[in-house]
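J.: I need the structure of the sequence given here:
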Amino acid sequence: MNNRNPPIACRPVTPDDTGLITQLFSANSVCRGCWCMHWRVEKGGKTWNACWGDPNRRTFLKLLRQGRVQGALAFAKDKPVGWCNFGPREDFPRLKRSRVLIYKAAPSTWSINCFFVAAGWRKRGIASALLNSAVKAAFERGARVLEAYPTPQKPEQNLVAAFAWTGTRTLFKKAGFKPSVDNERVWVKRRAKA
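T.: Numbering: from 1, shown residues only. Just a heads-up that it's a prediction; the model follows:
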């Protein structure tokens, strides 16, 4: 493979990855504000606005150092180029408050709720590689059901990255997710029985 298209490798995040996460998120203004805290902060509005930026960064990196953040990182050589956030549903209190995502979750349900692929690296299959890594890690860590919230889109609609941060239906469909019977906005995948 040439230098323009280096191979992509994905792996679960570790508490030692604060520098890599900072490098990846600092290059993007939305990530610099959110720091993958959207689902972790219980309320939007003034509460969310007060957390935006440095408060989110400090909280996220503290959780990461404590081993309380689940996620997958994508690398091109040694450079971080993508991120996928996942974890037990209870780690994301904002899900419980979402009217759009009302859904009766089964026990041991984990959420896959955020993607970020760095500019210049999009449309190269990185989100798919991140999703595969996240699915594998979540099931290995005890998830029985995975849920996701893909951005609704029309057939052949090309979404701007800022609007596809929860992933697309095409992405999740290819990975074996299906709309739940409770809410078509929530897609699920069950762990295969051994």
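J.: if you average pLDDT over stretch 146-162, what comes out?
T.: Mean pLDDT, stretch 146-162: 75.
J.: Same check on stretch 25-37?
T.: Average pLDDT, stretch 25-37: 85.
J.: what's the spacing between it and its chain's center?
T.: Centroid displacement of stretch 25-37 relative to its chain, using C-alpha atoms, centre = their mean, to the nearest Å, is 13 Å.
J.: so which helix or strand takes in the residue nearest to the spatial centre of the chain?
T.: Nearest to the geometric centre of the chain sits Cys114, at 2.6 Å (C-alpha atoms, centre = their mean). Assessed by DSSP states H and E, Cys114 sits inside strand 109-117.
J.: With just CA atoms, put whatever helix or strand comes next after that strand into CSV.
T.: Of the helices and strands lying after strand 109-117 in sequence (DSSP H and E), the nearest is helix 126-140. Output in CSV follows, covering the C-alpha atoms of helix 126-140 (Å, rounded to 0.1, in the frame of the first residue of the first chain):
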residue,chain,number,x,y,z
ILE,A,126,-12.4,4.0,8.7
ALA,A,127,-15.8,4.3,10.3
SER,A,128,-16.5,0.7,9.3
ALA,A,129,-13.2,-0.5,10.8
LEU,A,130,-13.9,1.5,14.0
LEU,A,131,-17.4,0.0,14.3
ASN,A,132,-16.1,-3.6,13.8
SER,A,133,-13.5,-2.9,16.5
ALA,A,134,-16.1,-1.5,18.9
VAL,A,135,-18.5,-4.4,18.3
LYS,A,136,-15.8,-7.0,19.0
ALA,A,137,-14.6,-5.2,22.2
ALA,A,138,-18.1,-4.6,23.5
PHE,A,139,-19.2,-8.2,23.2
GLU,A,140,-15.9,-9.4,24.7
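J.: which other helices and strands contact the helix or strand that helix 126-140 is followed by?
T.: Going down the chain from helix 126-140, the next helix or strand is strand 145-148, by DSSP H and E. In terms of contacts (3 or more C-beta pairs under 8 Å, 6 or more residues apart in numbering; DSSP states H and E), strand 145-148 is packed against strand 109-117, helix 126-140, strand 187-190. Yep, even glycine has a C-beta here, placed from its N, CA and C like the rest.
J.: Now do the buried residues in the helix or strand of the chain with the lowest mean pLDDT.
T.: Lowest mean confidence among the helices and strands of the chain (mean pLDDT, DSSP states H and E): helix 29-34, at a mean of 82. Buried residues in helix 29-34, counted by 16 or more other C-beta atoms under 10 Å: Cys31, Arg32, Gly33, Cys34.
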